[in-house]
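In: Pasted the sequence and its predicted model underneath.
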Amino acid sequence: MINLNLAWTQPTPIPTCGYRILYKRMADTDFNIVAVSGSTATISVDAPACYEGYVQGNCCGDSLSLVDTSAFGVNTWQKLTLTVATVGSNWVVSGTTDYANPYDALVSGTIYYHIGASHYTLSGSGTLPAGSTSASLLITAIPSGAIFDSVVITNISPIFNNGGELQQADPISSPLFFDFSSGTSAPVWNGSPTSLPSFLLTRFVVTELDVDLVTVLAGRLDISYILSEYYSTSFTTITVEVYDSTTLIGTTTIPVSPLGLVSASINLEKGPNTLSTSTQFTMKVLWPDTTLINSKTFYLPTF
């Protein structure tokens with residue numbers, strides 16, 4: 001458990017019956033409700049997880065404030081640490097973390113060492129299994145005369161159940177969605193929602209079938225994520241594009257505000273390949289001036 005710490009500016013007049021805080025984990029169905037007074041609150045929540053919610057002024061009875069300006073969100077990362085041990089004639093790189101991820105994670109790292117005055121590196125990768133908080137990720141022979149200097153994480157990639165680089169909503173139970181970080185704080189955000197640990201491919205809904213009643217010609221891909229901070233930019237929107245190979249099959253524009261839960265839909269039309277869960281697609285996020293922020297592969301949720 002960790003604390004969810006909230007603070008807000010009280011309106012004038014101050015609500016007679018204080019405030020209601022409604023919050024829930026990403027993809028959970030129901031909100032938890034806490035009644036508080038004052039302008040701060042500390043709530044004990046499951047960790048690590050991404051949270052969204054809002055604060056309502058309570059003027060007693062059914063008189064509650066609107067929620068559109070009081071939404072909040074939390075995206076969660078947790079630290080993954082690499083250590084190196086000498087075992088016989090090998091270096092063994094292990095990864096440790098406080099909480100187990102619901103997915104396997106492919107972790108890449110680089111060992112820095114020197115022989116005399118010359119400096120060298122050894123790179124490799126290994127899998128931190130789902131449900132584990134530690135694992136041996138890389139075993140490599142120690143070069144003759146080598147003196148170990150340090151080890152750093154170069155990349156962490158979750159391996160989602162249905163493949164691809166974007167996670168899908170779990171219709172049965174909501175895992176504690178989070179991403180690993182190689183530092184003690186969250187990595188610098190690039191402005192793309194697909195870089196956030198809360199980003200989900202929520203569902204795919206078929207909207208048009210071919211005359212064979214099997215081939216999907218069109219459908220709606222629903223996405224959601226939690227916006228916990230504003231990216232410093234003069235742009236007010238982002239553009240999300242979906243490609244089948246090099247063919248653009250869908251696009252949508254999303255505002256960069258407000259904070260809290262964001263939901264959007266992308267209408268897809270069949271490209272050169274089948275609209276199915278076995279076809280790999282690419283999701284690109286761009287600024288309005290067409291500058292590419294990032295690009296990730298994905299598969300459609302089961303439908």
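Out: Sure thing, it's come through. Numbers count the residues shown, from 1 in each chain.
In: where in this structure is pLDDT low?
Out: Within the chain, the segments meeting pLDDT under 70 span 66-69, 173-174.
In: Please parse it into its domains.
Out: According to automatic domain parsing, the chain is divided into the following domains: 2-74, 77-159, 189-298.
In: Reformat those as CSV; add mean neighbour count and distance to residue 165.
Out: In short, each C-beta sits where N, CA and C put it, glycine included. Shown next, in CSV, are the domains of the chain (neighbours: other C-beta atoms under 10 Å; distance: least, C-beta to C-beta, whole Å):
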stretch, mean neighbour count, distance to residue 165
domain 2-74, 16, 17
domain 77-159, 15, 7
domain 189-298, 16, 4
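In: Using JSON lines, lay out the ones you listed together with distance to residue 176.
Out: As requested, the domains of the chain are exported to JSON lines (distance: least, C-beta to C-beta, whole Å):
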{"stretch": "domain 2-74", "distance to residue 176": "4"}
{"stretch": "domain 77-159", "distance to residue 176": "7"}
{"stretch": "domain 189-298", "distance to residue 176": "10"}
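In: Let me see the contact set for the most centrally placed residue in the chain.
Out: Central residue of the chain (C-alpha atoms, centre = their mean): residue 197, 1.3 Å from the mean position. When contacts are counted by C-beta atoms under 8 Å, 6 or more residues apart in numbering, residue 197 touches 50, 75, 76, 77, 177, 178, 179.
In: which ones are touching the nearest residue to residue 287 once chain neighbours are set aside?
Out: Among residues not flanking residue 287 along the chain, residue 235 sits closest, at 5.3 Å (C-beta to C-beta, 6 or more residues apart in numbering). Going by C-beta under 8 Å, 6+ apart, residue 235 touches 256, 287, 288, 289.
In: Out of the residues you listed, which comes closest to residue 152?
Out: Closest approach between the contacts of residue 235 and residue 152, by C-beta to C-beta: residue 287, at 30.3 Å.
In: so that closest one touches residue 256, yeah?
Out: No. Look at residue 287 against residue 256 with C-beta atoms under 8 Å: they stay out of range, at 9.7 Å.
In: Now do the shared contacts for those two.
Out: Counting by C-beta under 8 Å, 6+ apart, the residues touching both residue 287 and residue 256 are 191, 233, 235, 238.
In: Which of the three states applies to residue 211?
Out: In three-state terms, and counting by DSSP: H, G, I helix; E, B strand; the rest coil, residue 211 is coil.
In: roughly how far apart are residue 45 and residue 5?
Out: Per C-beta to C-beta, to the nearest Å, residue 45 is found 10 Å from residue 5.
In: now residue 299
Out: With distances taken as C-beta to C-beta, residue 299 is found 37 Å from residue 5.
In: Over to residue 259?
Out: Residue 259 is 15 Å from residue 5, where distance means C-beta to C-beta.
In: Does anything pack onto the helix or strand hosting residue 263? Which helices or strands?
Out: Using DSSP states H and E, residue 263 maps to strand 260-269. Strand 260-269 is packed against strand 51-57, strand 71-74, strand 216-227, strand 237-244, strand 247-255, with contacts defined by 3 or more C-beta pairs under 8 Å, 6 or more residues apart in numbering; DSSP states H and E.
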